[in-house]
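[1] below is the structure, and that's it, no one-letter string:
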């Protein structure tokens, strides 16, 4: 990394600190001396006010005033002299009184033209001037007190400049030391601040590689932690969206495969339909030609020919209808409508309508009356399943020719279900045929199927219906017959 955020923050902080120290040094150089001078001028003015007050009250010789005067002079490094009209010293803070008095007379009677006056009124004058005797610059105040005494208060400027220089040097030393120490502290502080940022950087880098396992752990709920939580939310959203995209892609792949299967099914369907329709069409065509050519002129033969044609046409009609129903189911166009109904009553109604068929085939039906069983399913489609199972049992019943319809309750994964089974006596289905009986146009016994006019799609319709309702179905072989079953939920 060319310039890490840690380095950038540290450099910015150090630059700001160094700039602050430099600015303070410049301000000191420009304004500190003036500030000191103004402060000294204020001290001199306060000393004048106090001396004028004490002398006016007549307490100039008191010990308390002497202590106060000495303290003020020592604190502000000022000298004071007060004289009366006869030039006698009233009060002085310096041993060199004569020199102070001479300086007072010079200011009063021979003022320095180069003096820089800071304040001037009828009571006193305040100015910065050069003492030509010592060649030292002073801030001086001179004038007349309220009682008529003359005074001089002064303080050397050299000490102020020395103090300013010392202060500036000290500021430089402290600033350099502070900058160095702060640089180390800032470096370690930025380490703590940038650590979560670097963590977020690592997380984002992993996210670019679709690795969403690493999560940011919040620490103090500041802005970086909020960003981390948003990164976690973004990571979860991306993971979810990518998962959905992969799922959609997988579904797309399945749809493509399903389309290919549908194409194959379509080809197979056309081939099977062509094969299944070829025989009845040939029979219809043959018998129709025979009628036209008058092969047999007797009425009985013509009636037989017509019966064959009608029978084959009826079989074709049934097969085409079943194929259309199966096509609707397999393509999902016929949606199952789930409703609650009594399965026992539905079966009994169907059996009542099939009484003639049962009697014609000489079948013994076993279906004991029982209490209602309410299920959730598509009632119309469920009846179609029962119809196909029952028709299959009628056509394959042999031996004792018994058909038995039973109900059994099943509890599986907390879902209560009822199993409806249709059993018929006869030959069991061969092991080779069992896996294929649900396929379209598959016929385990082609001769027998042809005998009763089966199309080979009835069990395929059952399979499509039960799968549309997501319910199980199946077949069980017995030594004396076959049982077809399906299950429905009761709750």
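    All right, it came through fine. Owing to the predicted nature of the structure, the values given are computational and were not obtained by experimental measurement. Residues are numbered from 1 along each chain as shown.
[2] wouldn't residue 164 be in contact with residue 34 here?
    No - look at residue 164 against residue 34 with Cβ atoms under 8 Å: they stay out of range, at 9.5 Å. Backbone N, C-alpha and C define where each C-beta goes, glycine included.
[3] between those two, which is the more surrounded one?
    Just comparing residue 164 and residue 34: by other Cβ atoms under 10 Å the higher neighbour count belongs to residue 164, 19 against 11.
[4] distance check, that one against residue 31.
    Here the criterion is Cβ to Cβ, to the nearest Å. By it, residue 164 lies 10 Å from residue 31.
[5] likewise for residue 178?
    21 Å.
[6] neighbour count for those two, which is higher?
    Taking neighbours as other Cβ under 10 Å, residue 178 and residue 31 compare with residue 178 leading, 15 against 12.
[7] quick check: the more buried one vs residue 30, distance?
    From residue 178 to residue 30 the distance is 21 Å (Cβ to Cβ).
[8] by contact count, what packs against the host helix or strand of residue 244?
    Assigned by DSSP states H and E, residue 244 belongs to helix 223-293. Applying 3 or more Cβ pairs under 8 Å, 6 or more residues apart in numbering; DSSP states H and E, one finds that helix 223-293 makes contact with helix 158-208, helix 299-330.
[9] tell me the SS of residue 114?
    Following DSSP: H, G, I helix; E, B strand; the rest coil, residue 114 is assigned to coil.
[10] which other helices and strands does whichever helix or strand residue 108 is part of contact?
    Secondary structure assigned from DSSP H and E places residue 108 in helix 97-109. If you count contacts as 3+ Cβ pairs under 8 Å, 6+ apart, helix 97-109 packs onto strand 79-83, strand 89-92, strand 124-131, strand 136-144, strand 150-156.
[11] could you rerun that using 7 Å?
    strand 79-83, strand 136-144, strand 150-156 (3 or more Cβ pairs under 7 Å, 6 or more residues apart in numbering; DSSP states H and E).
[12] compute the inter-axis angle for it and strand 150-156.
    If you take axes from the mean of the first three to the mean of the last three Cα atoms, to 10 degrees, helix 97-109 sits at 110 degrees to strand 150-156.
[13] next one: helix 97-109 to chain centre, how far?
    Relative to its chain's centre, helix 97-109 lies at 87 Å (Cα atoms, centre = their mean, to the nearest Å).
[14] contacts for that helix, please.
    Applying Cβ atoms under 7 Å, 6 or more residues apart in numbering, the contact partners of helix 97-109 are 79, 81, 83, 87, 89, 92, 94, 131, 140, 142, 150, 152.
[15] rerun at 8 Å
    Residues from elsewhere that reach helix 97-109, judged by Cβ atoms under 8 Å, 6 or more residues apart in numbering: 79, 81, 83, 87, 89, 92, 94, 112, 125, 129, 131, 133, 140, 142, 150-152, 154.
[16] could you do stretch 123-133 as well?
    Residues from elsewhere that reach stretch 123-133 (Cβ under 8 Å, 6+ apart): 37, 41, 44-45, 48, 99, 103, 107, 112, 114-120, 136-144, 151, 157.
[17] stretch 31-50 too?
    Residues from elsewhere that reach stretch 31-50, judged by Cβ under 8 Å, 6+ apart: 68, 72-73, 75-76, 78, 80, 118-119, 124, 126, 128, 139, 141, 151, 153-155, 157, 160-161, 163-164, 167-168.
[18] so which bits of that stretch are buried?
    32-33, 36-37, 40-41, 43-45, 47-48 (16 or more other Cβ atoms under 10 Å).
[19] return the member of the residues you listed nearest to residue 396.
    residue 32 (118.6 Å; Cβ to Cβ).
[20] helix, strand or coil: sort out that closest one for me.
    Residue 32 ends up helix, using three-state DSSP.
[21] got it, and the one 10 residues further on?
    In terms of secondary structure, residue 42 is helix; the call rests on three-state DSSP.
[22] any idea how many residues pack against residue 239?
    15.
[23] tell me how far it lies from residue 206.
    For residue 239, the distance to residue 206 - Cβ to Cβ - is 12 Å.
[24] could you do residue 111 as well?
    Where residue 206 is concerned, residue 111 sits at a distance of 85 Å (Cβ to Cβ).
[25] follow-up on the earlier one: could I get the helices and strands packed on helix 97-109 as JSON lines with mean pLDDT, mean neighbour count and distance to residue 459?
    Shown next, in JSON lines, are the helices and strands packed on helix 97-109 (pLDDT from 0 to 100; neighbours: other Cβ atoms under 10 Å; distance: least, Cβ to Cβ, whole Å):
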{"stretch": "strand 79-83", "mean pLDDT": "85", "mean neighbour count": "22", "distance to residue 459": "129"}
{"stretch": "strand 136-144", "mean pLDDT": "86", "mean neighbour count": "20", "distance to residue 459": "122"}
{"stretch": "strand 150-156", "mean pLDDT": "86", "mean neighbour count": "23", "distance to residue 459": "123"}
